[in-house]
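*Asks:* 3D, please:
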Amino acid sequence: MTLKDRLMADLQESMKKGDTVRRDVIRYLRSAIGNEEVTRKVESLDDAAVAEIISRQVKQRRESIESFRKGNRHDLVAKEEAELSILTAYLPQQMSRDELTALARQAIKDVGAHGPTDRGKVMARLMPLVKGKADGRDVNEVVAALLSNPSS
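*Replies:* Modelled structure (predicted):
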């Protein structure tokens, strides 16, 4: 079952159960997928492309949560967090911090990085390996920490 098929099945199920939040999130996501298909001029996106769209949606929700927290809008924070939990269920299993650190150490070794100025080289090597499995912000934090303190 493709990710798009799973979304359609989950949409129908949420409609039957009356789960309006899940229904609306999936509808919005399917709309974003449809827009991307039109933009790319393709009949149907593969699972990797759909996962990329979901990742963008997750990133948007996280940024919104951060903004709403700063603005003391706890009602909107709760709404965005509920939507975020629905979206993350469709993403592949995320890497643990330890797995990410091990990959980052290997990438640092591979590119011969010696300090914070080499962060771009390390990120360029590492991001394709963790695409869809780790948040870019977390990857950046791990790489920055390792490059600023090479003995760790």
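*Asks:* Okay, domains of this protein per the record?
*Replies:* 3-88, 97-148 (automatic domain parsing).
*Asks:* Can I get these in CSV including mean neighbour count?
*Replies:* Where C-beta positions appear, they are placed from N, C-alpha and C, glycine not excepted. Formatted as CSV, the domains of the chain follow (neighbours: other Cβ atoms under 10 Å):
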stretch, mean neighbour count
domain 3-88, 15
domain 97-148, 16
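*Asks:* If you average pLDDT over each of those domains, which is lowest?
*Replies:* For the domains of the chain, mean pLDDT drops lowest on domain 97-148, to a mean of 88.
*Asks:* Tell me how far residue 114 lies from residue 122.
*Replies:* Distance of residue 114 to residue 122, computed by Cβ to Cβ, to the nearest Å: 11 Å.
*Asks:* nope, residue 131 is what I meant
*Replies:* For residue 131, the distance to residue 122 (Cβ to Cβ) stands at 15 Å.
*Asks:* same check, this time on residue 63
*Replies:* Here residue 63 is placed at a distance of 24 Å from residue 122 (Cβ to Cβ).
*Asks:* what helix or strand does the residue nearest the centre of the chain sit in?
*Replies:* By Cα atoms, centre = their mean, the chain has its centre lying nearest to residue 55, at 3.3 Å. Assigned by DSSP states H and E, residue 55 belongs to helix 47-70.
*Asks:* As CSV, could you dump the C-alpha coordinates of that helix?
*Replies:* Provided in CSV are the C-alpha atoms of helix 47-70 (Å, rounded to 0.1, in the frame of the first residue of the first chain):
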residue,chain,number,x,y,z
ASP,A,47,6.3,7.6,-1.5
ALA,A,48,9.6,9.4,-1.2
ALA,A,49,8.1,12.6,-2.7
VAL,A,50,5.0,12.3,-0.5
ALA,A,51,7.2,11.8,2.6
GLU,A,52,9.1,15.0,1.6
ILE,A,53,5.8,16.9,1.5
ILE,A,54,4.8,15.5,4.9
SER,A,55,8.2,16.6,6.3
ARG,A,56,7.6,20.1,5.0
GLN,A,57,4.2,20.1,6.7
VAL,A,58,5.8,18.9,10.0
LYS,A,59,8.4,21.7,9.8
GLN,A,60,5.7,24.3,9.3
ARG,A,61,3.8,23.0,12.3
ARG,A,62,6.9,23.1,14.5
GLU,A,63,7.6,26.6,13.4
SER,A,64,4.0,27.6,14.1
ILE,A,65,4.1,26.0,17.5
GLU,A,66,7.3,28.0,18.3
SER,A,67,5.7,31.3,17.2
PHE,A,68,2.4,30.6,19.0
ARG,A,69,4.3,29.9,22.2
LYS,A,70,6.1,33.2,21.9
